[in-house]
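Enquirer: below: sequence and its predicted model.
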Amino acid sequence: MAASLPNPNPNPLKPLVQLPDPAAQTQPAKAPNHLNHLVPKTPAAAAAAVSVSASEKSKAGKDRDGWKEKRKRGYVNYDKGEHQVASHVSGMRKDDIPRRYRLRVEGDKFQKDWSVTEVVEKIVKLSRCDDIEGVLNHWVGRFSRKNFPLLIHELTQQGFIEHAIHVFSWMKNQKNYCARNDIYNMMIRLHARYNRVDQARGLFFEMQEWRCKPDAETYNALINAHGRAGQWRWAVNIMEDMLRAAVPATRSTYNNLINACGSSGNWREALKICKKMTDNGVGPDLVTHNIILSAYKTSAQYAKALSYFELMKDTNIRPDTTAFNIVIHCLVKLGQYGKAVDYFNSMRDKGSESRPDVVTFTSILHMYSVCGQIENCRVVFDTMVAEGLKPTIVTFNALLGAYASHGMHKEAASVFKEIKLSGLRPDVVSYTCLLNAYGRSKQPEKARQIFNVMKRSNCTPNIVSYNALIDAYGSNGLLAEAVDVLREMERENIQPDVVSVSTLLAACGRCGQRAKIDSILSAAEMRSIELNTVAYNSAIGSYMILGDYEKAFAMYKSLREKKIKPDSVTFNVLISGCCKLSKFDKAIDFLHEMMILKIPFSVEVYSSAICAYTEQGQVEEAESMFTAMKLAGHHPDVITYTAMIHAYGTAENWDKAIEVFQDMEANDVKPDIIACSALMRVFNKADQPDKVIKMLEYMKDRGIPFTDAVYYEVITACNLLRDWRTTMDLVKVMEPSLNKISMGLLNQLLHLLGVSGRTDAMMKLFLKLVASGAEIHISTYAVLLKNLLFVGNWRKYIEVLQWMIDAGIQPSTDMLRKILFYAQTSAGPEHAAVIRDRIDRLQKT
């Protein structure tokens, strides 16, 4: 075999013969001075030489790394108010690749000298089926392996996983490819982002086959992949493998592992790893603290999160916006709304280092939604926009859900339009919230239209959407349509859950379908749907509404036998149901059982208990419950105050009833119709009818509508006071709604007018009553006849008798006997004959 000759030109880029520089030939050559290095330099000259040398090195290093620098490119359109900032990565270009490759592509017009950013832009425009390799094979930069990590980095940063996989596969087939850790790390992180754990582990083993030893970043990426998938035990095992491979764990490693445990709800394991982290000399940073707070939040350990936050503030680490967002979320969940607002305001202070972001505003918006302060939800949203923050779809959905929860369909529809105008695409949550808004505003057909629009918009309804539509029909008494939606859901291969069953059970109670309750419970059992506390509460409540105490109690026994823990709603349904069925002793028994189980009382339970004690005549116990309620930190609502007014009224303790009403006003609790009528009843019983009239004016000033109960108490007061002017005013108030007022109340009002001698007013009211289309009974005619005969108006008496006959109502014998007796005793001889004659003719007709 012939020996290989040495290469006469070791550097192929330099010619064999060095030609003289023409510029150098024009100047006279200087004789070399071989003693220059022996001549000592002055300090200034030496410093200048060092400075020049350093600057040349810095410039050379900058030129050498310039190919991988990111340059910012901006775009501003002042007319449209648009701006855009993007990073541009040049990479190794045609002039930077080896000469042998440069000569190959020199005359090829199909070879393009694109930058890395341009290549990425062309690739992402292609679908998976398009010729991605064709684009890459026309790129001159493929001949420099330094471009490969830049190309993968740009693709993974933008999240194009399918394109990145295709490019990575092409890359491994290139002759100049050399496996690198950073490329594999980026690909593992990209698979972790999409929860492709198996593919991430496959890359981990593949890189070792390519003789790439995994480093700390590799293990961190793999731990993060398992953490995102909720596989925290795998993440712990990977860290143990990492330590066995003599790869030291970094702070990022511990943070990823803590996050893996915390996101899975295992906050105890997260704390153990945090302690181990500190013991190994790796101190926690702000990211670590935020992960621990997030772990508490995910596990619903809100009180522990707040305690940890207080400990965190004692360290030298200052909380950032993320930490404050978690704390605000926990405070909202615990109902500590005042503290949440305080933290929010502190973040908005000028000197604050942690400014509120979109997540902060969204949390506060949700808080006001939970509190029922819908006006403030809109104020928070507008404030966020005014401060330059762009709402996300989550923010829009929070505002949409706030309006939907109160059935404000017009406002919800307006927000839905805003989502489209902002350039965002409504998701399944947006459509479901709008659907729910129409359902709660008693427009089930409109809710169905939104559901159909959602389907046509290629937005697949989920089980929450179907349950919202079921509730829209069920809450409006359309049980058959609700069941049809359930069947439709099953045809779409979406299995009903316990929420679906609970919604249907509640609908049965509203529709009065007792048999359907048993059918739904049987269907749930056939589908292996385990009932939870909410479902049992719905079934118990429906049976109570239908007056079936035995079935309701049987459901409660079943709940206890299956060891499902009842909550305050369960006992509130039982206690309030027993009160409506007049089983007050049973209601008190359930109250005692609730105390034994140590279930905290809600405001509703306190109100029901007060009602039960009141009806049993145990006013002292009712008063004790009212006091205990305040001591427990609950704020009585209008129902509770009304129950106490009724309790004191029953006990004839008028002064305390009035004190309760005054306390209600002092605590900014707005009285409703029931509370006002209860206080009016107290005033009438206490022989203070004048205060009833004042209460009527009070209701007028505050716009509180009147009901039959209010009218009854006012009529009673007017009768006691002989206040006919107020009576006439009351008639004017009642005239627009005569057809909605009970006949018993109208009869009482007619009688009051007749007793006062205002028979003309009485007859006018009667004629308006007839004109309103109300059904007139014989009792109403009896009131008219009695008062007409009392004032001696026998002609009108006989006329009313004729009206009765014309209306198909036969006058009673007593009515005829009274007018004949009046003719005999009081009418005089000539009128008596006329009365008898007309009565005879009436009897013949």
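Expert: In hand now; what should we look at?
Enquirer: excluding chain neighbours, what is closest to Ser405?
Expert: Once flanking residues are discounted, Ser405 sits nearest to Ser369: 6.6 Å by Cβ to Cβ, 6 or more residues apart in numbering. (Each C-beta comes from the backbone N, C-alpha and C, glycine too.)
Enquirer: immediately after the helix or strand where the one you found lies, which helix or strand?
Expert: Using DSSP states H and E, Ser369 falls within helix 358-371. Beyond helix 358-371 on the C-terminal side, the first helix or strand identified by DSSP H and E is helix 374-386.
Enquirer: just checking, what packs against that next one?
Expert: helix 358-371, helix 393-405 (3 or more Cβ pairs under 8 Å, 6 or more residues apart in numbering; DSSP states H and E).
Enquirer: list the contacts of it.
Expert: Residues outside helix 374-386 that contact it (Cβ atoms under 8 Å, 6 or more residues apart in numbering) are 358, 361, 364-365, 368-369, 391, 395, 398-399, 402-403, 406, 408, 411.
Enquirer: and Pro391, how many neighbours?
Expert: Pro391 sits with 21 neighbouring residues when counted by other Cβ atoms under 10 Å.
Enquirer: my guess is it is in a helix, correct?
Expert: No: read with DSSP: H, G, I helix; E, B strand; the rest coil, Pro391 is coil and lies in no helix.
Enquirer: give me the pLDDT for Lys172.
Expert: pLDDT for Lys172: 92.
Enquirer: mind listing what it touches?
Expert: Ala179.
Enquirer: list phi and psi for it.
Expert: Dihedral pair for Lys172: phi -70, psi -10, per degrees, to the nearest 10.
Enquirer: then Trp139?
Expert: phi -100, psi 120.
Enquirer: and for it, the neighbour number?
Expert: Count around Trp139 with other Cβ under 10 Å applied: 22.
Enquirer: confidence score at it?
Expert: 91.
Enquirer: what residues sit buried inside the helix holding Ser369?
Expert: Buried positions in helix 358-371, judged by neighbour count with 16 or more other Cβ atoms under 10 Å: Val359, Thr360, Phe361, Thr362, Ser363, Ile364, Leu365, His366, Met367, Tyr368, Ser369.
Enquirer: for the fourth one, which non-adjacent residue is closest in space?
Expert: Meaning Thr362. Spatial nearest neighbour of Thr362, chain neighbours left out: Thr395 (4.7 Å); criterion: Cβ to Cβ, 6+ apart.
Enquirer: please report how far the one you found lies from Glu561.
Expert: Distance, Thr395 to Glu561, by Cβ to Cβ, to the nearest Å: 45 Å.
Enquirer: swap in Glu445?
Expert: Following Cβ to Cβ, the distance that separates Glu445 from Glu561 is 42 Å.
Enquirer: quick one on the thing from earlier: give the contact list for the residue nearest to Ser405.
Expert: Cys377, Ala398, Gly401, Ala402, Ser405.
Enquirer: got a pLDDT number for it?
Expert: Listed pLDDT for Ser369 reads 92.
Enquirer: that one and Tyr438: what is the separation?
Expert: 18 Å.
Enquirer: just Asp668 next, same as before
Expert: From Asp668 to Tyr438 the distance is 32 Å (Cβ to Cβ).
Enquirer: comparing those two, which residue is more hemmed in?
Expert: More neighbours surround Tyr438 than the other of Asp668 and Tyr438, with 25 against 7 (other Cβ under 10 Å).
Enquirer: the more buried one and Thr432 touch, don't they?
Expert: No: the pair Tyr438 / Thr432 is not scored as a contact, 11.2 Å apart, by Cβ atoms under 8 Å.
Enquirer: the bottom helix or strand of the chain by mean pLDDT?
Expert: helix 22-25 (a mean of 37; mean pLDDT, DSSP states H and E).
Enquirer: pLDDT on stretch 313-320, on average?
Expert: The pLDDT scores in stretch 313-320 average 83.
Enquirer: contacting residues around that stretch?
Expert: Asp285, Leu286, His289, Asn290, Phe309, Met312, Val327, Glu353, Ser354.
Enquirer: try stretch 494-512
Expert: Outside of stretch 494-512, the residues within contact range by Cβ under 8 Å, 6+ apart are 462-464, 466-467, 470-471, 473-475, 477, 479, 482-483, 486, 489-490, 514, 516-517, 520-521, 523-524, 527, 529-532, 534-535, 537-539, 541-546.
Enquirer: can you turn the buried part of those residues into a ChimeraX selection?
Expert: With 16+ other Cβ under 10 Å as the criterion, this ChimeraX line picks the buried residues out of those:
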select :464,466,467,470,471,473,474,475,477,479,482,483,486,489,514,516,517,520,521,524,529,531,532,534,535,537,538,539,541,542,543,544,545,546
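Enquirer: where in the stretch 551-700 of the chain is pLDDT low?
Expert: Counting by pLDDT under 70, not a single residue of the stretch 551-700 of the chain qualifies.
Enquirer: and the helices in it?
Expert: Counting by DSSP state H, counting those that start in this stretch, the stretch 551-700 of the chain has helices at residues 568-580, 584-596, 603-615, 619-631, 638-650, 654-666, 673-685, 689-701.
Enquirer: ditto for the stretch 401-550 of the chain
Expert: Under DSSP H, counting those that start in this stretch, the stretch 401-550 of the chain gives helices at 409-421, 428-440, 444-456, 463-474, 479-491, 498-511, 514-526, 533-545, 549-561.
Enquirer: what angle do the fourth one and helix 479-491 make?
Expert: Interaxial angle of helix 463-474 relative to helix 479-491 (axes from the mean of the first three to the mean of the last three Cα atoms, to 10 degrees): 160 degrees.
Enquirer: tell me what helix 463-474 is packed against?
Expert: Here helix 463-474 touches helix 428-440, helix 444-456, helix 479-491, helix 498-511, going by 3+ Cβ pairs under 8 Å, 6+ apart.
Enquirer: what's the distance between Val385 and Pro391?
Expert: The separation that Val385 has from Pro391, given Cβ to Cβ, amounts to 7 Å.
Enquirer: wait, Leu505
Expert: 37 Å.
Enquirer: skipping adjacent residues, who's closest to Leu753 in space?
Expert: Nearest non-adjacent residue to Leu753 (Cβ to Cβ, 6+ apart): Met762, at 4.0 Å.
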